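1. Structure for the following, please:
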Amino acid sequence: MGQEKVLSVVIPVYNEKDTIKRVVHKVRNCGVKTEIIIVDDCSTDGTREILRKELREQVDKVLYHKRNCGKGVALRHGFAAATGDFVVVQDADLEYEPYDFVHLLQPFISGECDADAVYGSRYLRSNRFRVDGFYHELGNKVLTTLSNICSNLSLSDMETCYKMFRREVIQSIELKEDRFGFEPEITAKLARKRCRIYEVPISYHPRTFEEGKKIGVRDALRAFYCIVKYNFVVK
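-> Here you go, the predicted model:
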């Protein structure tokens, strides 16, 4: 069957001291050989101390930002540091379950699909799914629909965190967005490169804003802008 494939797991982190240890533990025990890359985006709540003292032996690479730069910047730095066969994004807030990596990898390694990228969809609900707020889900579906219209894709969940790529594919794409505009940007650029994109269902446990969800209306408006910009204006 050949040498075991390695999955580089890029985890952008900002003020997640309450969840970072559990996330690392789950990734380490997900059933896949992993390279864990954490990018700390200048956390101020004690997350950095946990990374340096408690997780030093459990994480392969930790990159520290001197100032808060945004999720998009953290992902760019994490992708550049990846050396695995495949690369996936893992948020540090426990909304997504790393045991789904096994399912996300199948379109790459089954020999039947030859995927370049795989999206984990929260709306193909064959797995466990905590019901989200109506307006948050509506916003995601509106953005996905607009993205599909502009890119000629038929995704069910463009805004999902769980995006997995062949390493050579993600490292060949120049990314520009500094915050949450990464999602529509990478989708548009994959579509323009005519990459083979697959979707698989995943579990989802959404946080509320009271629990620490960081995406708001301003980010949604930026996503609208990015959908148009990267599908029609900027390559």
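
2. hmm, who's touching the helix or strand of the chain with the lowest mean pLDDT?
-> One helix or strand of the chain scores below all others by mean pLDDT, DSSP states H and E: helix 134-151, with a mean of 87. Contacts to helix 134-151, defined as CB atoms under 8 Å, 6 or more residues apart in numbering, come from residues 122-123, 153-159, 184, 187-188, 191-192, 206, 220, 223-224, 227-228, 231-232. In this view, the C-beta of every residue, glycine as well, is placed from N, C-alpha and C.

3. which residues touch the closest residue to Tyr230 other than its chain neighbours?
-> Among residues not flanking Tyr230 along the chain, Ala188 sits closest, at 3.7 Å (CB to CB, 6 or more residues apart in numbering). Residues in contact with Ala188, defined by CB under 8 Å, 6+ apart, are 147, 150-151, 226-227, 230-231.

4. Next step: the contacts of helix 134-151 restricted to strands.
-> Taking DSSP state E, every one of these sits outside strands.

5. Weed out the non-buried ones from those.
-> 122-123, 153, 155-159, 184, 187-188, 191, 206, 220, 223, 227, 231 (16 or more other CB atoms under 10 Å).

6. Mind checking which of these land in helices?
-> Among the buried ones among the contacts of helix 134-151, the members found in helices (DSSP state H) are 184, 187-188, 191, 220, 223, 227.

7. Redo those as CSV? Include distance to Glu16 and pLDDT.
-> Converted to CSV, these look like this (distance: CB to CB, whole Å; pLDDT from 0 to 100):
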residue, distance to Glu16, pLDDT
Pro184, 24, 97
Thr187, 25, 98
Ala188, 28, 98
Ala191, 31, 97
Ala220, 22, 86
Ala223, 22, 94
Ile227, 28, 97
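
8. any idea which of those is the one closest to Val9?
-> Within these, proximity to Val9 (CB to CB) peaks at Thr187, which comes in at 20.2 Å.
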